[in-house]
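Asker: quick one, fold the following:
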Amino acid sequence: MTRLIATLTFAAFLSSLAESQTPAPAQTPAPSKIATAVRLQGALRLDGKLDDAQWSTATPISDFVQKDPVEGAVPNDKMEARLILKNEFSIPATIWVQHYKCIGFFNVLLDALDKATGDDTEKAQLRNEMLVCQSIYYFKLLQYFSPYKDAAMGIPVYPSVDKPFTGLAIPRSSQQDVFRLITSQLEEAMNSAVEPDLSYNIFYNKYYISNQLAQVYWYKAESGAAEGSDYANAKKYARMAVTDALIPDNKDDYLKSLNGEFSGYPAMLRWGAWSAFQQMPYGQLYGSLPFAPHASPDLLSIFDPEDIRYQTYIQPDNTIVRPQPDWPAAYNVAYTMFSPEEAYLINVESTLKDANGASETEARTLLNDFRKKRGLTTDFTGTDLQKEIVNERRREFIFRTDARWIDMKRYGIGSSLTGLQIYGKSYDVVMEPNGYQYALPVPVEEELKLNPAMTPNPGWNEILF
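Answerer: Just a heads-up that it's a prediction; the model follows:
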């Protein structure tokens, strides 16, 4: 069955539903030409000939005009095109498959490393690199596919290469078991007595690991697998990550940090086009094509005009632009990993919520210190400090890959979009707080049909366009 999972529409919109809106045009535009696509029925033979019956079902497009040498003129030669839609691409399926491929690959390497002979120091450096990488893939799968408040609904864990990777009847592990695996991998690398080889190791970096552990415990702290020590652990590792970490405190340095040009900035920036979108982030505001959404009044209401983030991203017409040198011609996606700002704000919230030693006074001081780094000269003096922490994360991370989408999931924030147009049909998208949409659909063809022990995420149905 040809299909397009509904979440494909969310890839560009989900994290920005509450952040952007489409304004009314300033003037009536010229009538647009419309090309109508028909849905593919069965297989289509592609052999250079146009005698396949399916081509006859598509409406021909023939009113082309010249671009060059005379723009808008009638072309000398007649040309005709027909569009047939094969809507089988699914972003959730791509993320699922690519992440588990990487997990399986690291299983193979770890198994081979255990059997290999050679220098023990080099083997430890290799092992630690693989453990950190594999833990990140498991963590992103858990964030994307596990219903946040359901402790039993984790994700499958493939711990070894003893059996073929495909076709195994592997049920979901509990959230607790998946978190335990992730933290054990990271902490093994963190506590290793072997120092990283800076000429080789990338992810085996004690700063990166402490930052990642802070994120894992912070995310776990409100999940179905939450434990009383989570915020204490998040605070411990967040403080390790921000110790001596350089955070830009003016607009020029902030811009440089976004483009990998701020000397001493410890975050890792990954660059890529569509492949980067598939490999790691979900809910990317820009997707794979450059466009300029308009900031919603709700988003604008939490910004101070003196905020360097507001000055960097928000234009006079309230469009949101990506502050990179090649904008607006860029197709690249910048994915920021292990940013010190992430660890800093985790430290703020964990200081407020640590069951073993919470301090609102200290958390407020930390938050106000961060505000100063973003150009704000006034302190936050309101009573709802937790709400302001959420708002600060929104201001800081709304423009960065999947962070806002993860925050909406974690904090139980709902949103909606009405009149979403897809292939001539209109959809109203409503996301209730803690709604099922925050756990992406487990792929049917790529997982559910191959793994009889796997259960689907509730709420999802196929939409045929």
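Asker: buried stuff in stretch 107-118?
Answerer: Of the residues in stretch 107-118, those buried by neighbour count under the rule 16 or more other CB atoms under 10 Å are 107, 109-110, 113. C-beta here means a position set from N, CA and C on the backbone, and glycine is covered the same way.
Asker: residues contacting it, please?
Answerer: 123, 126-127, 130-131, 134, 158-161, 165 (CB atoms under 8 Å, 6 or more residues apart in numbering).
Asker: quick one: which of those residues is nearest residue 309?
Answerer: Using CB to CB, the shortest approach to residue 309 within those belongs to residue 134, at 33.4 Å.
Asker: which residues does residue 220 contact?
Answerer: Residues near residue 220 by CB under 8 Å, 6+ apart: 175, 179, 226-227, 230.
Asker: right, I mislabeled it, should have said residue 185
Answerer: With contacts taken as CB under 8 Å, 6+ apart, residue 185 has the following neighbours: 131-132, 134-135.
Asker: looks to me like it is in a strand.
Answerer: No - using DSSP: H, G, I helix; E, B strand; the rest coil, the assignment for residue 185 is helix, not a strand.
Asker: gap between it and residue 317?
Answerer: In this structure, residue 185 lies at 47 Å from residue 317, with CB to CB, to the nearest Å as the measure.
Asker: can you give me the neighbour number for residue 173?
Answerer: Number of residues near residue 173 (other CB atoms under 10 Å) recorded here: 21.
Asker: that one is in contact with residue 157, isn't it?
Answerer: Yes - the pair formed by residue 173 and residue 157 meets the contact definition of CB atoms under 8 Å, at 4.6 Å.
Asker: got any residues that touch both of these two?
Answerer: Taking CB under 8 Å, 6+ apart as the criterion, residue 173 and residue 157 both touch residue 181.
Asker: still on that earlier bit, list just the nearest of the contacts of stretch 107-118 to residue 83.
Answerer: Lowest distance from residue 83 to the contacts of stretch 107-118 (CB to CB) belongs to residue 165, with 37.7 Å.
Asker: so where's the chain uncertain?
Answerer: Within the chain, the stretches falling below the threshold (pLDDT under 70) are 1-33, 39, 42, 85-89, 161-167, 270-293, 322-334, 422-423, 462-465.
Asker: hmm, back to that, which of the contacts of residue 185 are buried?
Answerer: Under a neighbour-count criterion of 16+ other CB under 10 Å, the subset of the contacts of residue 185 counted as buried comprises 131-132, 134-135.
Asker: those: which two are farthest apart?
Answerer: When the buried ones among the contacts of residue 185 are compared pair by pair using CB to CB, the farthest-apart members prove to be 132 and 134, with a separation of 7.5 Å.
Asker: got CSV for the contacts of residue 220, with neighbour count, secondary structure and distance to residue 142 too?
Answerer: As requested, the contacts of residue 220 are exported to CSV (neighbours: other CB atoms under 10 Å; DSSP: H, G, I helix; E, B strand; the rest coil; distance: CB to CB, whole Å):
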residue, neighbour count, secondary structure, distance to residue 142
175, 24, helix, 7
179, 24, helix, 8
226, 18, coil, 14
227, 15, coil, 16
230, 23, helix, 14
